[in-house]
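> Please work out how this folds:
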Amino acid sequence: MSEAGSRYVLLVDGLDEQREIYRTILLHAGFKVLEAGDGETAVDLARTHLPDVVLLDILLPRLDGFGVIRQMRSDPRTRRIPILLLTATLLPDDDGGGYDEFLAKPVKPRDALAAVHRHLAVAGR
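Purely as a prediction, here's the structure:
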């Protein structure tokens with residue numbers, strides 16, 4: 001098992017196919033993967049499991065990605081978890097939306113994996 005083996009990534013995307021792509025590379029790298037297809041489930045999983053990093057799309061059923069970010073940042077248990085937006089949605093340059101990095105889809109899975117590693121190192125996780 002790799003060094004990543006005890007680390008959890010919460011993967012949040014409304015499309016099963018997208019989750020499958022990123023799940024495969026994260027599992028291959030030794031991460032444990034939690035998955036959510038909607039924003040409300042994502043917030044519940046984040047609060048319950050306290051993942052080490054979140055890969056988050058914006059366009060989600062039940063609660064969009066911005067709502068997920070607001071709820072995670074307002075909760076002392078989840079506010080410091082790195083959130084990486086993995087989305088095709090265009091964002092304003094001055095958004096300041098509470099996320100740690102924006103990755104514009106289409107994102108090569110290895111680039112998403114590199115971003116996860118980068119933020120884990122910065123967070124000291």
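> Find the residue at the geometric middle of the chain.
The C-alpha lying nearest the average C-alpha coordinate of the chain belongs to L55 (CA atoms, centre = their mean; 1.6 Å).
> Against P82, how distant is it?
Look at L55 and P82: by CB to CB, to the nearest Å, they are 10 Å apart. Where C-beta positions appear, they are placed from N, C-alpha and C, glycine not excepted.
> swap in L34?
15 Å.
> Please apply the same query to T24.
When distance is defined by CB to CB, T24 is 21 Å away from P82.
> swap in P109?
Taking CB to CB, one finds P109 at 18 Å from P82.
> More neighbours: these two, which one.
Counting neighbours by other CB atoms under 10 Å for P109 and for P82 shows that P82 has the greater number, 20 against 16.
> My read is that the more buried one contacts V53, right?
Yes - between P82 and V53 there is a contact under CB atoms under 8 Å: 4.7 Å.
> Look up phi and psi at G14.
phi -70, psi -10 (degrees, to the nearest 10).
> Report the distance from the longest helix anywhere in the chain to the chain centre.
Among the segments of the chain that qualify as a helix by DSSP state H, the longest is helix 109-123. Put simply, helix 109-123 sits 11 Å off its chain's centre (CA atoms, centre = their mean, to the nearest Å).
> Need the nearest residue in space to V43, chain neighbours excluded.
Computed as CB to CB, 6 or more residues apart in numbering, the closest residue to V43 that is not its neighbour in sequence is Q71, at 4.8 Å.
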